[in-house]
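*Asks:* Output the structure for:
(one chain, ligands or ions: 1)
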Amino acid sequence: MPLTIIGVDADDTLWHTETVFRLTHKRFNELLGDFADEDTLEAKLAAVERENMKSYGYGAKGFTLSMLQTALEISDGQVSTKVIRELLDAGREMMTHPIEPLPGVEDALLQLKQRGRLVLITKGDLFHQESKLAASGLGSHFSGVEIVSEKTPEIYVKAFARHGGAVGSSLMTGNSVKSDILPMLAAGGYAALVPYPLVWEHERAEKPVGNPKYREVETLGHLTEWLDEIG
Ligand SMILES: [Mg+2]
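*Replies:* Numbering: from 1, shown residues only. The predicted structure follows:
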(Lines give C-alpha, C1' and ligand atoms only; values in the text may rest on other atoms or scores of the structure.)
Protein backbone atom coordinates (compact mmCIF):
# COMPACT_ATOMS: atom_id res chain seq x y z
CA MET A 1 0.00 0.00 0.00
CA PRO A 2 1.68 3.26 -1.02
CA LEU A 3 1.70 5.98 1.60
CA THR A 4 -0.23 9.15 0.89
CA ILE A 5 1.43 11.58 3.27
CA ILE A 6 4.78 11.65 5.01
CA GLY A 7 4.72 13.90 8.06
CA VAL A 8 8.11 15.29 9.00
CA ASP A 9 9.07 16.85 12.33
CA ALA A 10 11.24 19.98 12.26
CA ASP A 11 13.33 20.62 15.40
CA ASP A 12 16.25 18.18 15.70
CA THR A 13 14.98 16.33 12.64
CA LEU A 14 15.63 18.96 9.94
CA TRP A 15 17.88 21.30 11.92
CA HIS A 16 19.61 21.58 15.32
CA THR A 17 17.49 22.89 18.18
CA GLU A 18 18.46 21.02 21.32
CA THR A 19 22.11 21.98 20.83
CA VAL A 20 21.08 25.66 20.97
CA PHE A 21 18.96 25.05 24.09
CA ARG A 22 21.88 23.23 25.79
CA LEU A 23 24.18 26.19 25.14
CA THR A 24 21.59 28.51 26.68
CA HIS A 25 21.27 26.20 29.70
CA LYS A 26 25.04 26.42 30.13
CA ARG A 27 24.90 30.22 30.05
CA PHE A 28 21.98 30.18 32.51
CA ASN A 29 23.93 27.97 34.93
CA GLU A 30 26.98 30.25 34.74
CA LEU A 31 24.93 33.41 35.30
CA LEU A 32 23.13 31.95 38.34
CA GLY A 33 26.17 30.13 39.73
CA ASP A 34 26.27 32.41 42.83
CA PHE A 35 22.87 31.16 44.00
CA ALA A 36 22.93 27.39 43.48
CA ASP A 37 24.93 24.53 41.95
CA GLU A 38 24.28 23.29 38.45
CA ASP A 39 22.13 20.28 39.44
CA THR A 40 19.88 22.41 41.64
CA LEU A 41 19.53 25.05 38.91
CA GLU A 42 18.69 22.43 36.26
CA ALA A 43 16.13 20.70 38.47
CA LYS A 44 14.43 23.99 39.36
CA LEU A 45 14.39 25.21 35.74
CA ALA A 46 12.92 21.89 34.56
CA ALA A 47 10.15 22.07 37.19
CA VAL A 48 9.31 25.69 36.32
CA GLU A 49 9.33 24.87 32.61
CA ARG A 50 7.04 21.84 33.07
CA GLU A 51 4.53 23.95 34.99
CA ASN A 52 4.73 26.89 32.56
CA MET A 53 4.23 24.70 29.49
CA LYS A 54 0.54 24.53 30.41
CA SER A 55 0.26 28.31 29.91
CA TYR A 56 3.02 29.09 27.42
CA GLY A 57 3.19 25.96 25.26
CA TYR A 58 6.48 24.93 23.65
CA GLY A 59 9.28 27.08 22.33
CA ALA A 60 12.05 29.54 23.03
CA LYS A 61 9.84 32.39 24.28
CA GLY A 62 8.24 30.27 27.00
CA PHE A 63 11.69 28.94 27.88
CA THR A 64 13.00 32.50 28.28
CA LEU A 65 10.18 33.36 30.68
CA SER A 66 10.94 30.16 32.62
CA MET A 67 14.61 31.15 32.90
CA LEU A 68 13.62 34.57 34.29
CA GLN A 69 11.15 33.06 36.77
CA THR A 70 13.71 30.48 37.94
CA ALA A 71 16.34 33.22 38.38
CA LEU A 72 13.98 35.29 40.52
CA GLU A 73 12.83 32.34 42.62
CA ILE A 74 16.19 30.65 43.18
CA SER A 75 17.84 33.96 44.18
CA ASP A 76 14.91 34.94 46.37
CA GLY A 77 14.61 38.11 44.33
CA GLN A 78 18.31 38.97 44.74
CA VAL A 79 19.32 38.40 41.10
CA SER A 80 20.79 41.55 39.53
CA THR A 81 19.17 43.43 36.66
CA LYS A 82 22.41 42.81 34.74
CA VAL A 83 21.82 39.05 34.93
CA ILE A 84 18.15 39.49 33.99
CA ARG A 85 19.27 41.46 30.96
CA GLU A 86 21.75 38.73 30.00
CA LEU A 87 19.03 36.08 30.26
CA LEU A 88 16.80 38.16 27.99
CA ASP A 89 19.68 38.42 25.50
CA ALA A 90 20.24 34.66 25.68
CA GLY A 91 16.55 34.11 24.94
CA ARG A 92 16.60 36.48 21.99
CA GLU A 93 19.68 34.76 20.58
CA MET A 94 17.77 31.46 20.57
CA MET A 95 15.11 33.12 18.42
CA THR A 96 17.62 34.49 15.91
CA HIS A 97 20.11 31.62 15.89
CA PRO A 98 21.08 30.74 12.29
CA ILE A 99 19.19 27.73 10.95
CA GLU A 100 21.11 25.24 8.89
CA PRO A 101 19.65 21.94 7.69
CA LEU A 102 21.29 18.84 9.24
CA PRO A 103 23.69 17.02 6.89
CA GLY A 104 21.90 15.05 4.17
CA VAL A 105 18.46 16.43 4.98
CA GLU A 106 17.90 18.26 1.71
CA ASP A 107 18.77 15.15 -0.37
CA ALA A 108 16.60 13.00 1.88
CA LEU A 109 13.59 15.29 1.36
CA LEU A 110 14.10 15.11 -2.42
CA GLN A 111 13.95 11.29 -2.17
CA LEU A 112 11.03 11.25 0.24
CA LYS A 113 8.81 13.56 -1.78
CA GLN A 114 8.88 11.07 -4.64
CA ARG A 115 7.20 8.59 -2.29
CA GLY A 116 4.44 10.69 -0.76
CA ARG A 117 3.36 14.25 -0.13
CA LEU A 118 5.49 15.87 2.53
CA VAL A 119 3.83 17.79 5.34
CA LEU A 120 5.93 19.48 8.00
CA ILE A 121 4.34 18.86 11.42
CA THR A 122 5.92 20.70 14.30
CA LYS A 123 4.85 21.97 17.67
CA GLY A 124 5.87 25.27 19.16
CA ASP A 125 5.58 28.93 18.58
CA LEU A 126 3.96 29.82 15.24
CA PHE A 127 6.12 32.86 14.50
CA HIS A 128 9.42 31.17 15.44
CA GLN A 129 8.66 27.89 13.61
CA GLU A 130 7.69 29.78 10.44
CA SER A 131 10.86 31.91 10.67
CA LYS A 132 13.01 28.81 11.07
CA LEU A 133 11.42 27.08 8.10
CA ALA A 134 11.95 30.17 5.94
CA ALA A 135 15.57 30.50 7.12
CA SER A 136 16.27 26.80 6.43
CA GLY A 137 15.43 27.13 2.73
CA LEU A 138 13.60 23.77 2.93
CA GLY A 139 10.06 25.13 2.63
CA SER A 140 9.62 24.35 -1.04
CA HIS A 141 9.88 20.57 -0.42
CA PHE A 142 6.70 20.57 1.64
CA SER A 143 3.19 20.59 0.24
CA GLY A 144 1.86 21.66 3.63
CA VAL A 145 2.89 22.91 7.06
CA GLU A 146 1.12 22.20 10.36
CA ILE A 147 2.27 24.06 13.46
CA VAL A 148 0.41 22.46 16.36
CA SER A 149 0.32 23.16 20.08
CA GLU A 150 0.75 19.48 21.02
CA LYS A 151 1.30 16.19 19.19
CA THR A 152 -1.52 13.86 20.21
CA PRO A 153 -3.24 10.99 18.31
CA GLU A 154 -6.29 13.24 17.70
CA ILE A 155 -4.14 16.06 16.35
CA TYR A 156 -2.35 13.67 13.99
CA VAL A 157 -5.68 12.33 12.67
CA LYS A 158 -6.89 15.87 11.98
CA ALA A 159 -3.59 17.13 10.56
CA PHE A 160 -3.30 14.30 8.02
CA ALA A 161 -7.01 14.61 7.11
CA ARG A 162 -6.59 18.34 6.47
CA HIS A 163 -3.96 17.49 3.87
CA GLY A 164 -6.12 14.87 2.21
CA GLY A 165 -4.73 11.69 3.75
CA ALA A 166 -5.90 9.06 6.18
CA VAL A 167 -3.62 8.59 9.15
CA GLY A 168 -3.59 4.81 8.57
CA SER A 169 -1.88 5.23 5.20
CA SER A 170 0.44 7.97 6.41
CA LEU A 171 3.78 8.03 8.16
CA MET A 172 5.29 10.40 10.70
CA THR A 173 9.03 10.76 11.12
CA GLY A 174 11.00 12.67 13.71
CA ASN A 175 13.46 12.49 16.58
CA SER A 176 11.05 12.30 19.52
CA VAL A 177 9.59 8.97 20.66
CA LYS A 178 7.13 10.82 22.86
CA SER A 179 5.85 13.30 20.24
CA ASP A 180 6.55 11.89 16.79
CA ILE A 181 6.26 8.15 17.36
CA LEU A 182 3.91 7.04 20.18
CA PRO A 183 0.91 9.31 19.36
CA MET A 184 1.21 8.51 15.63
CA LEU A 185 1.16 4.76 16.32
CA ALA A 186 -1.79 5.26 18.68
CA ALA A 187 -3.60 7.06 15.84
CA GLY A 188 -3.03 4.00 13.61
CA GLY A 189 -0.28 5.36 11.39
CA TYR A 190 3.32 4.42 10.64
CA ALA A 191 6.13 6.07 12.57
CA ALA A 192 9.88 6.26 11.95
CA LEU A 193 12.33 7.46 14.57
CA VAL A 194 15.40 9.34 13.37
CA PRO A 195 17.39 9.74 16.59
CA TYR A 196 19.17 12.98 17.45
CA PRO A 197 22.09 12.65 19.88
CA LEU A 198 20.50 14.94 22.50
CA VAL A 199 17.01 14.36 23.91
CA TRP A 200 15.14 17.16 25.67
CA GLU A 201 14.37 16.38 29.31
CA HIS A 202 10.59 16.59 28.68
CA GLU A 203 10.64 14.32 25.61
CA ARG A 204 12.05 11.11 27.07
CA ALA A 205 10.04 7.89 26.47
CA GLU A 206 10.48 4.16 25.79
CA LYS A 207 10.86 3.11 22.16
CA PRO A 208 8.00 0.86 20.94
CA VAL A 209 10.40 -1.86 19.75
CA GLY A 210 8.56 -4.74 18.04
CA ASN A 211 5.62 -2.69 16.78
CA PRO A 212 5.27 -3.60 13.05
CA LYS A 213 4.37 -0.01 12.14
CA TYR A 214 7.48 1.38 13.82
CA ARG A 215 11.09 1.59 12.64
CA GLU A 216 14.19 3.33 13.84
CA VAL A 217 16.36 4.58 10.98
CA GLU A 218 19.85 5.98 11.18
CA THR A 219 19.16 9.13 9.16
CA LEU A 220 16.26 10.67 7.27
CA GLY A 221 17.93 9.42 4.08
CA HIS A 222 17.64 5.80 5.28
CA LEU A 223 13.86 6.13 5.55
CA THR A 224 13.36 5.54 1.80
CA GLU A 225 14.27 1.83 2.22
CA TRP A 226 11.43 1.24 4.66
CA LEU A 227 9.02 3.35 2.58
CA ASP A 228 9.77 1.17 -0.44
CA GLU A 229 9.09 -1.92 1.67
CA ILE A 230 5.73 -0.52 2.86
CA GLY A 231 4.84 0.63 -0.64
MG1 LIG B 1 11.92 17.26 17.09
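*Asks:* which parts of this structure sit against the ion?
*Replies:* With Cβ under 5 Å from the ion as the criterion, the chain meets the ion at residues Asp9, Asp11, Asp12, Asn175, Ser176. The way it works is simple: take the backbone N, C-alpha and C, and place the C-beta from them, glycine included.
*Asks:* which residues touch the residue nearest to Thr40 when sequence neighbours are not counted?
*Replies:* Spatial nearest neighbour of Thr40, chain neighbours left out: Ile74 (7.5 Å); criterion: Cβ to Cβ, 6 or more residues apart in numbering. Contacts were defined as Cβ atoms under 8 Å, 6 or more residues apart in numbering; by that measure Ile74 touches Leu32, Phe35, Ala36, Thr40, Leu41, Lys44.
*Asks:* would you list every one of the helices in the protein?
*Replies:* Using DSSP state H, the helices of the chain run over 18-31, 38-56, 60-74, 81-96, 105-112, 126-136, 153-162, 182-186, 223-230.
*Asks:* Please tabulate the ones you listed in TSV, including the columns distance to Leu118.
*Replies:* TSV is the format used below for those (distance: least, Cβ to Cβ, whole Å):
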stretch	distance to Leu118
helix 18-31	23
helix 38-56	28
helix 60-74	25
helix 81-96	26
helix 105-112	6
helix 126-136	12
helix 153-162	12
helix 182-186	15
helix 223-230	11
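*Asks:* how about these in a markdown table, adding mean pLDDT?
*Replies:* Output for the helices of the chain, formatted as a markdown table (pLDDT from 0 to 100):
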| stretch | mean pLDDT |
| --- | --- |
| helix 18-31 | 94 |
| helix 38-56 | 96 |
| helix 60-74 | 97 |
| helix 81-96 | 96 |
| helix 105-112 | 96 |
| helix 126-136 | 93 |
| helix 153-162 | 97 |
| helix 182-186 | 98 |
| helix 223-230 | 93 |
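*Asks:* quick one, domains of the chain?
*Replies:* 5-15+100-230, 18-96 (automatic domain parsing).
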